[in-house]
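>>> coords below, sequence missing:
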């Protein structure tokens, strides 16, 4: 039996599997300690074990938000991966998909996840499958493909329920399910899942994720036009100044506008646009400019809406396009410019058909 620095190949592989389990549980400190231990054992690895070890290194760096380090490892592995065993090829495409996912390049992420899915019969345990299903489901959610997202997230949810050590991941799956059900109008089910996720975050004392859950509850109430409840939750989130402050501030502003509180909303528009500009967040710069021109008559309507539509089209971010394109189409119809009205109606329709 081959030995690697006094331990057998089988023992080394078992340690890497344990390391991967810690990574999936998002235990950064324990994962780092395991990496340090494994680094002393990698001399003399055969090619399959070397590939396996480096794949898990890439996964570790993704956990630590060191995306480019992870990508450089995967790029180095690409020359050997086609001839590797199927389980290693699964991890390669899966982790490369995660890299693109973390960069919000969802089409590229989906391409890699689908390549991984072709090899998914090689799941070694429930945790691997739950992890993969969750990641796949969230990418479909970001692409506004709710039915496909729900298919994978429901699988992840039921798998995580059978794995008590994955309580945080269970909560993430519940929140993601709640977001999907919010989008398709299953509001009671959405509220049930989000509250369950919030409960788990509270039990785990995960403050940032608690605020994410509050934000998502506010979105749920906003979608139902329960603006007072939405405003209350958004204000609670904004007071904590979370990393996603800009998004909460934008949805608070929209809720205030819909609730008829235009003066308060105008203050938040100025604050939000200033923050978006500081962060160089072009998505929200366009969104705030649209709010200004549609509700406060600041700016040139056709120019701002057209710029927003084409910006989101160029960047393949479909979510806002149907609303903005329809606003432009209605505007052009009102002034009997039917050629431009037809152009923007076609854009809105094409995006809606893609979602369905």
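Happy to help now that I have it. Computed from a prediction, not measured in an experiment: that's the story for all the values here.
>>> contacting residues around the residue nearest the centre of the chain?
With distances taken as CA atoms, centre = their mean, the residue of the chain nearest its centroid is residue 138 (5.4 Å). Listed by CB atoms under 8 Å, 6 or more residues apart in numbering, the contact set of residue 138 reads 101, 149, 153, 176. C-beta: built from backbone N, CA, C; applies to glycine.
>>> redo that, cut-off 7 Å
Contacts for residue 138 (CB atoms under 7 Å, 6 or more residues apart in numbering) come out as residue 176.
>>> In what element of secondary structure is it found?
In this assignment (DSSP states H and E), residue 138 forms part of helix 126-142.
>>> So for that helix, what gets flagged as buried?
Across helix 126-142, burial judged by 16 or more other CB atoms under 10 Å covers 127-128, 130-142.
>>> State the pair within these that is farthest apart.
Within the buried residues of helix 126-142, 127 and 142 form the most distant pair, 23.1 Å apart (CB to CB).
>>> Could you find the closest non-adjacent residue to residue 153?
Of all residues not flanking residue 153 in the chain, residue 137 sits nearest, at 3.6 Å (CB to CB, 6 or more residues apart in numbering).
>>> so what's that neighbour up against?
Residue 137 touches 149, 152-153, 156, 176, counting by CB under 7 Å, 6+ apart.
>>> try 8 Å
Contacts of residue 137 (CB under 8 Å, 6+ apart): 148-153, 156, 173, 176.
>>> Drop the exposed ones from these and show what's left.
148-150, 152-153, 156, 173, 176.
>>> Poorly predicted segments of the stretch 201-350 of the chain, please.
Applying pLDDT under 70 to the stretch 201-350 of the chain flags no residue at all.
>>> 90 instead?
The stretch 201-350 of the chain contains residues with pLDDT under 90 at 241-244, 267, 297, 316-319.
>>> tell me the helices in it, going along the chain?
207-223, 227-239, 245-258, 262-279, 282-295, 301-314, 321-334, 338-355 (DSSP state H, counting those that start in this stretch).
>>> Not counting the fifth one itself, show me its contacts.
Think helix 282-295. 246-247, 250, 253-254, 257, 262, 265, 269, 272-273, 276-277, 298-301, 304-305, 307-308, 311-312, 317, 320, 324, 327.
>>> And the buried ones among those residues, selectable in PyMOL?
In PyMOL syntax, the buried subset of these is picked out as below (16+ other CB under 10 Å):
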select buried, resi 246+247+250+253+254+257+265+269+272+273+276+304+305+307+308+311+312+317+320+324+327
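>>> Mind pulling up the pLDDT for residue 355?
Looking at residue 355, its pLDDT is 69.
>>> I'd like the numbering to begin with 448 instead of 1 from here.
Okay, residue one is now 448; in that scheme the one you just asked about reads as residue 802.
>>> my guess is residue 678 contacts residue 699, does it?
Yes: using CB atoms under 8 Å, residue 678 is in contact with residue 699, at 6.4 Å.
>>> who's more crowded, those two?
residue 699 (24 against 21; other CB atoms under 10 Å).
>>> Number of residues surrounding the residue nearest to that one when sequence neighbours are not counted?
Once flanking residues are discounted, residue 699 sits nearest to residue 681: 3.8 Å by CB to CB, 6+ apart. For residue 681, the neighbour count with other CB under 10 Å is 29.
>>> what residues are up against residue 681?
Counted by CB under 8 Å, 6+ apart, residue 681 has contacts 662, 665, 695-696, 698-699, 702.
>>> Can you tell me which of the residues you listed is nearest residue 490?
residue 662 (48.0 Å).
>>> ok now do the closest one, which residues does it touch?
680-681, 684, 689, 691, 694-695, 698 are the contacts of residue 662 under CB under 8 Å, 6+ apart.
>>> again, only this time at 6 Å
684, 695 (CB atoms under 6 Å, 6 or more residues apart in numbering).
>>> Quick check: it vs residue 699, distance?
Computed as CB to CB, to the nearest Å, the residue 662 to residue 699 distance reads 10 Å.
>>> now swap in residue 747 and tell me
26 Å.
>>> all strands of the stretch 498-647 of the chain, in order?
Here the stretch 498-647 of the chain has no strands by DSSP state E, counting those that start in this stretch.
>>> Compute the number of surrounding residues for residue 750.
11.
>>> Repeat that for residue 655.
11.
>>> Report the separation between it and residue 742.
When residue 655 is compared with residue 742 (using CB to CB), they lie 31 Å apart.
>>> quick one on the thing from earlier: out of the contacts of residue 584, what pair is the most spread apart?
Pairwise over these, using CB to CB, the maximum falls at 595 and 620, 15.1 Å.
>>> of the buried ones among the contacts of residue 584, closest to residue 515?
residue 623 (26.1 Å).
>>> tell me the contacts of that closest one?
Counting by CB under 6 Å, 6+ apart, residue 623 has contacts 585, 600.
>>> repeat for residue 645
residue 660.
>>> Mind doing that once more with 7 Å?
Residue 645 touches 657, 660, counting by CB under 7 Å, 6+ apart.
>>> Please tell me how far it sits from residue 739.
In terms of CB to CB, residue 645 sits 34 Å off from residue 739.
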